[in-house]
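*Asks:* Sharing a model that was predicted from the sequence below.
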Amino acid sequence: MSRAQAESVIKNIIREIAQECASKGQAVSETLVAFMVKAVVLDPANEFNVDRTLTKDDVQKLIKLCVDRLMDTRTPSLDTVKMQVYFDMNYTTRSDFLEEHRRVLESRLQPVIREITDSRARTREELESLYRKIVSAVLLRSGLGSPTDIAVVREATAALQSVFPQTELGTFMSLTKRDKERQLLELTMIVTGIRLFNKECGKGGEGIDDLPAILNEAVPATTQNVDSEIQATLRAANKYTALIEKMHSGESSEGPSTQLLKESLINTRQHEAFLRVILNDVISCAHQVESLEKQLATRMEQLQATVQSKTAVPTAQVYPQFIHLSQLWSGFQDEMVLLSVLSNILASLEPFTRGHRELFTDEILTPFLDGAIIKSDEQRIQESKGEKINPSDFKDLDWLFPDTTKHFNKLPLQYRGYCAWALAKFDRLLLPSNPDIGVLRYKDHYYGFSSKQAATEFSQNPDGFIRLVAEGAKRSPELIQLLELHTQFASITPYSQGKDAGRMIEKPITKCDSGTQTDTHFMETNIVKSYEWNEWELRRKAIKLANLRTRITHSVQTNLSNMRRDTAIQVWPPKDHTTQTKTDSYTNVPQPTVFLAGLRGGGMTVPTDMTKVDLTIDVDQT
């Protein structure tokens, strides 16, 4: 069977197990089912051979065993597996948390930003609407108040107008899309800095929460909450450890199931490990808040010195300070987000520890703890403080000690610092090791021990004890992640390929057949059809054209070819047309009338005197 076929079979098995659990009223994720499949296959009691192909009976047996384990909700082992799956799927590094938060925030802002950058406002009303959208975008991105609060909008608008008056919208509209987005980001930071500075001066700050004060209350409260959870978990772990030791010593033959006690101890130790991870992040949060507060106070003093009640301040001096102030405030917002996420994870881990607490209440454990000595981890380390291995007794082994080894405290101890001897000797008993006794370096790994006796016995047969620890992890697969045994079980991890080292719980890999095609030319306009790189080809074409000049083309058509010929006729229907010709016109002029008087004369003796009288009448008077 090929690898792809094997993965397909595993995915089908996982899907069938999830469906069967759902039909019985227990909803489980595919990641949890995948881990349970791995656990069942690893357990030697189930007799699965991972080197051969699973038969149909093997598949049915695997499905039944997985469903039975997943439906058994009162086992601490399943609670531990669920806890590991939840933490692995929901917890990530500080930078990844903040990066995801910023990505989600930007994705929610994209519709508003796109509406601004794609706007083609022209009229006065459209420009005013665009300016209001810019104010809303600034408020949403800064997180300082709600865009529906009139007082907040007025304050933000006033701050924006001092930096970016509405008359500058024309210049803004002429920018490219990327430049618009860059300018919007810069305007947001400047406006945010102005509002924060005004709040510090007591002249504004409407809708702005006092994040430093809130964080100064929330961080210690969260730290105390996590610390109290750790102490409660350690008290339960100490009780389970004392009872298991008492039962192994033979002092008591009666009591709860040793298997359930060990599963409960593993659950508490895993819970403790996750709580310490959260506590470290909360402590980092506290250090970051303290650093941000100092920078914020320094920046406010510099701004006060720069402004000093001046009526006008050069923008080159004050704008970079406003931007830096905005960035510092964004740091406070990041710490709030991170603290909220850690608090949610802390609250979500508690249900995974409820099973063993209900199973082993104080009323049930108290009678069996009579006579047992309950020791804390610190007490155990203190008791073994005077013990130390003599390296001369083990000439073939490499022992490391704090006073002779540089960076001793940074040695990566195997099994997360638990005693390797106790894990094998007492079958998965988790005892903290004391590195001061001596750390054994064996095959590039470092092993710590809880006592000198443990170190002595382990050094006599290291391979045997390491094998017993691996066998115990097969019976309790939740130990694989708790003790960080990933390298020993990587060869049979269905979903380990291509994943980060140290991650045992992985999502199933989804694969499909796909193909890609690359275009020869992405820009069709750059293709010159007549281009020819070969000069001999050009010469051949030139000779061919020269020969064609002296040739005559003849065509012959027969009756049969005429019938096969496709012809098409295009007809233009007549259209109604009108033409304009010259029209008759006329003008009205006055008719001249002249009267001549004295033409008859006065005889022969008197000379004739003719008088001309114009009797023409105007056209308007006719």
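*Replies:* On my side now, so go ahead. Numbering: from 1, shown residues only.

*Asks:* When you work out contacts or count neighbours from here on, use the C-alpha atoms and nothing else.
*Replies:* Will do.

*Asks:* Report the central residue of this structure.
*Replies:* For the chain, the residue nearest the mean C-alpha position is E100 (3.2 Å; CA atoms, centre = their mean).

*Asks:* buried set for stretch 187-204?
*Replies:* 187-198, 204 (16 or more other CA atoms under 10 Å).

*Asks:* With stretch 59-75 instead?
*Replies:* Buried, per 16+ other CA under 10 Å, within stretch 59-75: 62-63, 65-67, 70-71, 75.

*Asks:* Also stretch 430-444?
*Replies:* 430-440.

*Asks:* do stretch 110-125 as well
*Replies:* In stretch 110-125, counting by 16+ other CA under 10 Å, buried: 113, 116-117, 121.

*Asks:* Give me the subset of those lying in helices.
*Replies:* Those of the buried residues of stretch 110-125 mapping onto helices are 113, 116-117, per DSSP state H.

*Asks:* follow-up on the earlier one: which among the buried residues of stretch 110-125 gets closest to P391?
*Replies:* Using CA to CA, I113 comes nearest to P391 of the buried residues of stretch 110-125, at 68.8 Å.

*Asks:* need the contact list for the closest residue to that closest one other than its chain neighbours.
*Replies:* Computed as CA to CA, 6 or more residues apart in numbering, the closest residue to I113 that is not its neighbour in sequence is A137, at 6.9 Å. Going by CA atoms under 8 Å, 6 or more residues apart in numbering, A137 touches 109, 112-113.

*Asks:* Same list as before, those residues that is, but in CSV and with pLDDT included.
*Replies:* CSV is the format used below for the contacts of A137 (pLDDT from 0 to 100):
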residue, pLDDT
L109, 89
V112, 89
I113, 90
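
*Asks:* after the helix or strand hosting the residue nearest to the centre of the chain, next one along is what?
*Replies:* Element membership for E100 (DSSP states H and E) is helix 94-117. In the C-terminal direction, the helix or strand that comes right after helix 94-117 (DSSP H and E) is helix 124-142.

*Asks:* what's the very next helix or strand once past that following helix packed up against?
*Replies:* Note on helix 124-142: by DSSP H and E, the next helix or strand toward the C-terminus is helix 150-163. Where contact means 3 or more CA pairs under 8 Å, 6 or more residues apart in numbering; DSSP states H and E, helix 150-163 is packed against helix 124-142, helix 177-201.

*Asks:* what is the orientation angle of helix 150-163 with helix 124-142?
*Replies:* 100 degrees (axes from the mean of the first three to the mean of the last three CA atoms, to 10 degrees).

*Asks:* next SSE after helix 150-163?
*Replies:* Past helix 150-163, the next helix or strand by DSSP H and E is helix 169-173.

*Asks:* what sits up against that following helix?
*Replies:* Applying CA under 8 Å, 6+ apart, the external contacts of helix 169-173 come out as 117, 119-120, 127, 131, 180.

*Asks:* So which elements touch the helix ranked longest in the chain?
*Replies:* Using DSSP H, we find that the single longest helix of the chain is helix 258-307. Counting contacts by 3+ CA pairs under 8 Å, 6+ apart, helix 258-307 packs against helix 76-90, helix 177-201, helix 211-248, helix 315-349, helix 478-482.

*Asks:* Any chance of TSV for the helices and strands packed on helix 150-163, columns distance to A546?
*Replies:* Compiled in TSV, these are given as follows (distance: least, CA to CA, whole Å):
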stretch	distance to A546
helix 124-142	67
helix 177-201	55
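
*Asks:* T268: which of those is closest?
*Replies:* Short answer: helix 124-142, nearest of the helices and strands packed on helix 150-163 by CA to CA, at 41.9 Å.

*Asks:* just how off-centre is the closest one within its chain?
*Replies:* 28 Å (CA atoms, centre = their mean, to the nearest Å).

*Asks:* So, low pLDDT: which residues of the protein?
*Replies:* Scanning the chain with the threshold set as pLDDT under 70 gives 1-7, 49-52, 251-255, 309-312, 489-514, 519-527, 559-568, 602-603, 622.

*Asks:* switch to 50 and redo it
*Replies:* 491-509 (pLDDT under 50).

*Asks:* How is it partitioned into domains?
*Replies:* 3-71, 119-201, 211-369, 377-488 (the TED database).

*Asks:* of these, which approaches N534 most closely?
*Replies:* domain 119-201 (43.7 Å).

*Asks:* Compute the first-to-last residue distance for that closest one.
*Replies:* Using CA to CA, to the nearest Å, one end of domain 119-201 lies 37 Å from the other.

*Asks:* chain center to that domain, what's the gap?
*Replies:* 27 Å.

*Asks:* do stretch 92-105 as well
*Replies:* For stretch 92-105, the separation from the chain centroid amounts to 6 Å (computed by CA atoms, centre = their mean).

*Asks:* dump the residue contacts of L411.
*Replies:* Applying CA under 8 Å, 6+ apart, the residues near L411 are Y446.

*Asks:* er, L184 actually
*Replies:* 134, 138.

*Asks:* neighbouring contacts of stretch 323-335?
*Replies:* 98, 142, 186, 189-190, 192-193, 196, 211-212, 215, 285, 288-289, 292, 295-296, 299-300.

*Asks:* for stretch 381-388, same thing?
*Replies:* In contact with stretch 381-388 (CA under 8 Å, 6+ apart) are residues 432-434, 436-438, 450-452.

*Asks:* if we can go back for a sec, include distance to L596 when you put the domains of the chain into CSV, please.
*Replies:* Below are the domains of the chain laid out as CSV (distance: least, CA to CA, whole Å):
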stretch, distance to L596
domain 3-71, 131
domain 119-201, 79
domain 211-369, 99
domain 377-488, 142
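
*Asks:* Any idea which of those gets closest to T92?
*Replies:* The nearest among those, by CA to CA, is domain 211-369 at 10.3 Å.

*Asks:* Relative to the whole chain's centre, how far out is that closest one?
*Replies:* The answer for domain 211-369 is 22 Å, by CA atoms, centre = their mean.

*Asks:* Kindly report the same for stretch 201-220.
*Replies:* For stretch 201-220, the distance to the chain centre is 27 Å (CA atoms, centre = their mean).
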